[in-house]
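Q: What would the 3D arrangement of this be:
(one chain, ligands or ions: 1)
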Amino acid sequence: MTEQHICPCGTDTPYNNCCARFHRGDARPETAEQLMRSRYSAWALRLIDYIITTTWPRQQRYLQRKALEDWADATEWCQLEIVDTDKGQADDTAGEVEFRATYRLKANGKTDIHQECSSFMVLLQVGG
Ligand SMILES: [Zn+2]
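A: Below you'll find the model as predicted:
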């Protein structure tokens with residue numbers, strides 16, 4: 001994938017104009033939805049560092065890099081749908097995003113859906 005390809009997060013925008021700037025640390029997501037989308041595309045692109053740094057600091061110690069890498073390797077991310085958002089706009093410090101992520105297990109080709117309502121602290125998440 002090059003930076004001109006459409007971003008995996010589903011915005012129909014070239015990666016370079018979408019999540020790439022967050023992944024590179026050039027900009028911070030302004031909304032909880034942007035942050036959610038950038039985490040999804042990080043999974044799709046196997047950017048484990050980004051997944052870790054955008055996890056709540058309190059929970060980071062529970063993450064095991066190896067387990068995250070294995071999970072990224074085992075899955076192919078097909079689609080992200082944002083179901084609902086609550087706050088998390090540019091002038092909020094926190095918000096919630098309900099999302100539905102479709103992925104395929106490479107081992108058996110089985111498709112599954114991960115649906116979750118995540119809380120995001122917009123300003124505190126990504127160090128830059
Ligand atoms: Zn994106």
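Q: contacts and neighbour counts: CA atoms only from here.
A: Will do.
Q: State the mean pLDDT of whichever helix or strand His114 is part of.
A: Per DSSP states H and E, His114 falls inside strand 111-121. Computed over strand 111-121, the mean pLDDT rounds to 93.
Q: cool, stretch 94-101 as well?
A: For stretch 94-101, the per-residue pLDDT averages 94.
Q: mind listing what the spatially most central residue of the chain touches?
A: The chain has Arg39 as the residue nearest its centroid, 1.3 Å off, counting by CA atoms, centre = their mean. Arg39 sits next to Tyr50, Ile51, Thr54 when contact means CA atoms under 8 Å, 6 or more residues apart in numbering.
Q: if we take those residues, which one ends up nearest to Glu76?
A: Each of those was scored against Glu76 by CA to CA, and Ile51 proved nearest at 15.9 Å.
Q: thinking again about what came up before, and of the contacts of Arg39, the nearest to Val97?
A: Looking across those and measuring by CA to CA, the closest to Val97 is Thr54, at 14.5 Å.
Q: Phi and psi next, for that closest one.
A: When read as degrees, to the nearest 10, the backbone of Thr54 gives phi -100, psi 10.
Q: And it, how far from the ion?
A: Shown here: Thr54 relative to the ion, a distance of 15 Å by CA to the ion, to the nearest Å.
Q: tally of neighbours for that residue?
A: 20 (other CA atoms under 10 Å).
Q: For the nearest residue to Thr31 once chain neighbours are set aside, report the pLDDT, please.
A: Leaving out its chain neighbours, the residue that sits closest to Thr31 by CA to CA, 6 or more residues apart in numbering is Gln89, at 4.6 Å. pLDDT recorded at Gln89 is 90.
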